[in-house]
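In: sharing a model prediction with you, sequence too.
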Amino acid sequence: MVFSISMSDAIETSGGGNTIPPQAEHFNNLLTGAANSEVKLALTAILTSQPGQWFRGSEMFRELRDRQGNEPGWMPNDRGPAGLCTHSLVPAGLVAIQQVKAERKRAVPMFVANTDNPAIVAQGFAMSGALLEWSLDNLDVSVQLLGQTAKKGAYRTPELRYGILRLLTQHDIALSHPEITAALDNPDFVRTDVAKNVTALGKYGILDVTHFDAAQDATLEIVNPEYTHHVIKFADLKPETQTFYTALQQLWDAGKREIIFQDLASAVTALAPDTDLRVVRDYWLQGTAHAKNMPGLKVASRTMEIGKRSAATFHPEQRAVFSDFVNRLEAVRRDPASWPAYQRTAQEIIDDPLSMATLFSKAKHFSSQANIRTAPPTTMKNHIITMLQQNGAMNVNEIHAALSERPGKVVTKESVNFHVRKLTETGVLISEKHRNDPTKHKKLNYYALPEPGNDQA
């Protein structure tokens, strides 16, 4: 099966013949520019619902504040909305910006729904309604799981994560990283990036990610199931060791001569249901690595195929939630007839103070940069660490862009560089040079948290 997010045919909007060209780029720009933040979605709905209305940054701030009623859930820095427009909504094609100079005053930026792209604006308005409603229906997860907008090499994180989520909704079985990479069928999504983002979604509790190693994936031969030792008696062994040998004997009695890890795990669990399978795994690895530690066992074969070492599927409680998430976005992407209903939903939500306050409270809860405007240096370092935990390796430009496009204090690249350098000097971060663009000679430093025993292969 090949997964592709390209559109095979041009589609008309419901309002008079405007067409969206047959590329995925417009949808992807909306996805990365607006879909990964409840605040950006609310701001999108406010601007696109008032075509032709120009807003200063302070006016957008008041819109977001006042629409939350008397008990706002969260109010980002007053410069936040202008920053979100500049760094996210304008590049997405949703919003136009113009410098306006009043008499005897300096020029200030003003923003308006981009009437040069009415189809994109209509689609963005619909997307805001679809996802804001989804966010209200599912308060324990956030659209922020799509990740930061900043481009990471050849891809933008929200595009890749949405591709992974969309693909996994189509499969009830776990898929390995190479299987996911092949099914996405996008040269920009390489396996290491897929692995990194699958792991990030696993940390959110959305995916169940299983890691194997080559030894655990081996087949062992039972040569002799009986315990023998010239000093230590069977009765003196630890209970879990006795269970291990008893399980081997039972497998032998059942006619098993070659076994895989699951055979042993099932036999041990049947004998002692409370046994920690990590202990069983340790015994198994001893058998594959050092036959002398496990008398009676030897390695019959070993699967060394790296591609089978990790696999992911939805956590059972999240499959329906994200099937709904994907279905909404696919309707916005493919079916303009669905847009008017989603646009009405968006209008109802931004006009309802309780809904807006709930969304902003949730946005604050899930935002690693929610309090950046008051963040002392220590907290600033924590924001960088949290961002790298969620997104994997990033360079200074990407970290700066991601911080800048979130609501809050303006952050300079010099400040980001200073904190990243200090974290690296103290061993909190590691640094490696990469050249993501083969046409450019210069390599950039990429920073990440060290991962002992890295099992993202």
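Out: On my side now, so go ahead. Residues are numbered from 1 along each chain as shown.

In: what stretches of the stretch 1-150 of the chain score poorly on pLDDT?
Out: Applying pLDDT under 70 to the stretch 1-150 of the chain flags the ranges 1-25, 102-104, 150.

In: in it, which spans are strands?
Out: Counting by DSSP state E, counting those that start in this stretch, the stretch 1-150 of the chain has strands at residues 11-12, 19-20, 55-56, 95-101, 107-113.

In: between those, which one is closest to residue 320.
Out: strand 11-12 (27.6 Å; C-beta to C-beta). Backbone N, C-alpha and C define where each C-beta goes, glycine included.

In: for residue 97, list each beta-bridge partner.
Out: In this entry, residue 97 is beta-bridged to residue 111, by DSSP bridges.

In: state the distance from it to residue 118.
Out: Shown here: residue 97 relative to residue 118, a distance of 17 Å by C-beta to C-beta, to the nearest Å.

In: in this protein, where's the longest helix?
Out: The single longest helix within the chain, with elements called by DSSP state H, is helix 118-137.

In: buried residues in that helix?
Out: Buried residues in helix 118-137, counted by 16 or more other C-beta atoms under 10 Å: 118-136.

In: what is that helix packed up against?
Out: Where contact means 3 or more C-beta pairs under 8 Å, 6 or more residues apart in numbering; DSSP states H and E, helix 118-137 is packed against strand 19-20, helix 25-33, helix 38-48, helix 319-334, helix 339-350, helix 353-366.

In: which stretches of the stretch 251-400 of the chain aren't confidently modelled?
Out: Low-confidence segments of the stretch 251-400 of the chain, defined by pLDDT under 70: 285-309, 368-379.

In: can you do 50?
Out: Applying pLDDT under 50 to the stretch 251-400 of the chain flags residues 290-291, 303-308, 369-377.

In: looking at the protein, which residue lies furthest from center?
Out: Largest separation from the mean C-alpha position in the chain: residue 230, at 54.0 Å (C-alpha atoms, centre = their mean).

In: secondary structure class of that one, three-state.
Out: For residue 230, the secondary structure call by DSSP: H, G, I helix; E, B strand; the rest coil comes out as coil.

In: who are the contact partners of it?
Out: Residue 230 makes no contacts at all, as judged by C-beta atoms under 8 Å, 6 or more residues apart in numbering.

In: and it, its phi and psi?
Out: The phi/psi pair for residue 230 (degrees, to the nearest 10) reads phi -80, psi -10.

In: list the contacts of residue 51.
Out: Counting by C-beta under 8 Å, 6+ apart, residue 51 touches 112, 113, 115, 121.

In: and those, which two are the farthest apart?
Out: By the measure C-beta to C-beta, 112 and 121 form the most distant pair in the contacts of residue 51, at 10.0 Å.

In: buried among the contacts of residue 51? Make that a PyMOL selection.
Out: To isolate the buried subset of these in PyMOL, counting by 16+ other C-beta under 10 Å, use the following:
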select buried, resi 112+113+121
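
In: export the contacts of residue 51 to CSV and tack on distance to residue 164?
Out: Compiled in CSV, those are given as follows (distance: C-beta to C-beta, whole Å):
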residue, distance to residue 164
112, 35
113, 31
115, 35
121, 28
